[in-house]
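Trainee: I would like to see how this sequence folds:
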Amino acid sequence: MSNHKLMDKYNPKEFEEKLYEGWEKKGYFKPSMDKTKESYCIMMPPPNVTGKLHMGHALDDSIQDILIRYKRMCGYNTLWLPGTDHAAISTEVKVVEKMQKEEGLTKADITREQFLERAWAWTKEYGGTIQQQQRKLGCSCDWEKERFTMDEGLSNAVKEVFIKLYNDELIYKGKRMINWCPTCKTSISDAE
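Mentor: I've put the predicted structure just below:
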């Protein structure tokens, strides 16, 4: 007869953080770099740094994690590349709201450089929050390879692809209904 008693309630803090940290330290989420194995890669659609993850992110990340873990178990050389997106206008709205609430300032009250400083601080804070939430979900990404949409290399790659698509006449100017913001003086998405 065993003296071990099952706990009344499962407390994830007692186990999950420690397990996850161990997996990261042992490099379980890194590609094997074995060139004899077939590669499998998922580029995480980067969540916007406008706040915290929502149920849609949790669902999407869970599906990607199932796929990447399955391929890893099948022996593929796998990489799930994480990232975050600057979400330009959405982030701008959040930063402006924060400035108004905490400092009583509008965007017109500060210089462009001062605004960019606040935007980068927001990005650093919420990009980190989102990444921690993804770790709590158990996302098996190679976090050392994390990318941000404003990274120079990514920005250059996007420009290169857009130019190629334009030259191939796959991007063109057309007449479409848009959401025009008279305050921001730009088009915005339905959510914005």
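
Trainee: quick one, longest helix in this structure?
Mentor: For the chain, the helix that runs over the most residues, judged by DSSP state H, is helix 112-137.

Trainee: which residues in the protein form helices?
Mentor: Using DSSP H, helices in the chain cover 16-25, 55-73, 88-103, 112-137, 152-167.

Trainee: buried sites along the first one?
Mentor: Going back to what we said before, that points to helix 16-25. Tyr20, Glu24 (16 or more other Cβ atoms under 10 Å). Every residue, glycine included, has its C-beta placed from N, CA and C.

Trainee: tell me what angle it forms with helix 112-137.
Mentor: If you take axes from the mean of the first three to the mean of the last three Cα atoms, to 10 degrees, helix 16-25 sits at 100 degrees to helix 112-137.

Trainee: thinking again about what came up before, which neighbouring elements make contact with the longest helix of the chain?
Mentor: With contacts taken as 3 or more Cβ pairs under 8 Å, 6 or more residues apart in numbering; DSSP states H and E, helix 112-137 sits against helix 55-73, strand 83-84, helix 88-103.

Trainee: direction included, what does the second one pair up with?
Mentor: Sheet pairing of strand 83-84 (DSSP bridges) gives strand 147-148 (parallel).

Trainee: number of residues surrounding the closest residue in space to Thr186 that isn't next to it in sequence?
Mentor: In space, Thr186 comes closest to Ile89 once its chain neighbours are excluded; the distance is 7.0 Å by Cβ to Cβ, 6 or more residues apart in numbering. Residues near Ile89, counting by other Cβ atoms under 10 Å, number 17.
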